[in-house]
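A.B. asks: pasting the sequence and the predicted model now:
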Amino acid sequence: MTRREYAELARVHPDTVKRWARLGIGPRPRRIGPRLLRYDRTEVLEYLRSGERQGSAS
């Protein structure tokens with residue numbers, strides 16, 4: 001899934017998802033080719049269901 005799709009599910013701005021990836025919060029994006037990043041849909045859904053991000057965002 002794209003960063004934008006992830007952000008919509010998490011109800012945050014896409015820049016927030018980018019910052020989470022940089023800080024190691026949540027699922028890691030996978031590089032597909034030299035410029036394309038994608039997130040595994042299952043990992044994103046499990047992460048959001050776990051509620052982990054509420055505790056990590058402090």
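C.D. replies: Arrived safely, thanks for sending. Numbers count the residues shown, from 1 in each chain.

A.B. asks: rest of the way, CA atoms for contacts and neighbours
C.D. replies: Will do.

A.B. asks: OK, contacts around the closest residue to residue 41 other than its chain neighbours?
C.D. replies: What sits nearest to residue 41 in space, not counting adjacent residues and going by C-alpha to C-alpha, 6 or more residues apart in numbering, is residue 1, at 5.8 Å. Going by C-alpha atoms under 8 Å, 6 or more residues apart in numbering, residue 1 touches 38-41.

A.B. asks: now do the strands in the protein.
C.D. replies: Taking DSSP state E to define them, one finds strands in the chain at 30-32, 36-38.

A.B. asks: now the first one: mean pLDDT?
C.D. replies: Same thing as strand 30-32. Strand 30-32 shows a mean pLDDT of 96.

A.B. asks: just stretch 11-26 next, same as before
C.D. replies: The predicted model gives stretch 11-26 an average pLDDT of 96.

A.B. asks: just the C-alpha atoms of that stretch, please, in PDB.
C.D. replies: The C-alpha trace of stretch 11-26 is given here as PDB (Å, rounded to 0.1, in the frame of the first residue of the first chain):
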ATOM      1  CA  ARG A  11      -6.100   9.100  10.000                       C
ATOM      2  CA  VAL A  12      -2.900  11.100   9.900                       C
ATOM      3  CA  HIS A  13      -1.100  13.200   7.300                       C
ATOM      4  CA  PRO A  14       1.200  11.300   4.900                       C
ATOM      5  CA  ASP A  15       4.200  13.300   6.200                       C
ATOM      6  CA  THR A  16       3.500  11.700   9.600                       C
ATOM      7  CA  VAL A  17       3.800   8.300   8.100                       C
ATOM      8  CA  LYS A  18       7.000   9.300   6.500                       C
ATOM      9  CA  ARG A  19       8.300  10.600   9.900                       C
ATOM     10  CA  TRP A  20       7.200   7.300  11.600                       C
ATOM     11  CA  ALA A  21       9.300   5.300   9.000                       C
ATOM     12  CA  ARG A  22      12.300   7.500   9.600                       C
ATOM     13  CA  LEU A  23      12.000   7.100  13.400                       C
ATOM     14  CA  GLY A  24      11.400   3.300  13.200                       C
ATOM     15  CA  ILE A  25       7.700   3.500  14.400                       C
ATOM     16  CA  GLY A  26       5.300   1.000  12.900                       C
END
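
A.B. asks: if anything else comes up later, I'll come back, but that's it for now.
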